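Student: attaching a predicted model along with its sequence, questions to come.
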Amino acid sequence: MKVKQGILKINSLEDFLKNLGECVAVIDGRYVIDLDVVKFAVEKALKSWKDGRNIAKTLPLEILLYFCATRQIRDAIKVGVKEGISEAVVVVLKECEDKLEKFFEEKEVVRIDEERIENVKKLYGITDDEIEIVGLEKIALLIRERITLFDVFKS
């Protein structure tokens, strides 16, 4: 398993899914402020999958559910793969990097900025009071907390 960041160019979502649907999980870069959060969510999703406690029928979707800390597939797919050009974090689950090259240019895109902080706050239900208490530099820990709570209480 590898986690990559970069620019995803998808002209046809159908073509992308046909080539890479089971090989990768794609997370919209506008919701990622720390790659370690993605890796944490992936580890939790892989363990859940291995233990047979998965919610989704596919591993890429299970990873999205964990990343979003939700049981709601319709909410999780909002931060998933889309047509067009976008910043993305891609979790490569199988050896398919040669196919991925057609769609993906590796480049540093993960950062903390005002838009991403607002996206993350909305996605995870993080309040201004929580950020004031722990400090903005600890927002990734708040996200991990949400993912951990999801894992514990999802059943």
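Tutor: Looks like it arrived, so ask away.
Student: and the strands in the chain?
Tutor: For the chain, the strands defined by DSSP state E cover 2-10, 24-28, 84-92, 104-106.
Student: would you mark the buried spots in the worst-scoring helix or strand of the chain on mean pLDDT?
Tutor: Lowest by mean pLDDT, DSSP states H and E among the helices and strands of the chain is helix 97-100, with a mean of 90. For helix 97-100, the neighbour count (16 or more other C-beta atoms under 10 Å) marks Leu100 as buried. Just so you know, the C-beta spots here come from the backbone N, C-alpha and C atoms, and that holds for glycine as well.
Student: for stretch 77-95, same thing?
Tutor: Neighbour counts over stretch 77-95 (16+ other C-beta under 10 Å) mark Val79, Gly80, Val81, Lys82, Ser86, Glu87, Ala88, Val89, Val90, Val91, Val92, Leu93 as buried.
Student: and if you look at stretch 40-53?
Tutor: When burial is assessed from 16+ other C-beta under 10 Å, stretch 40-53 yields the following buried residues: Phe40, Ala41, Val42, Lys44, Ala45, Leu46, Ser48, Trp49.
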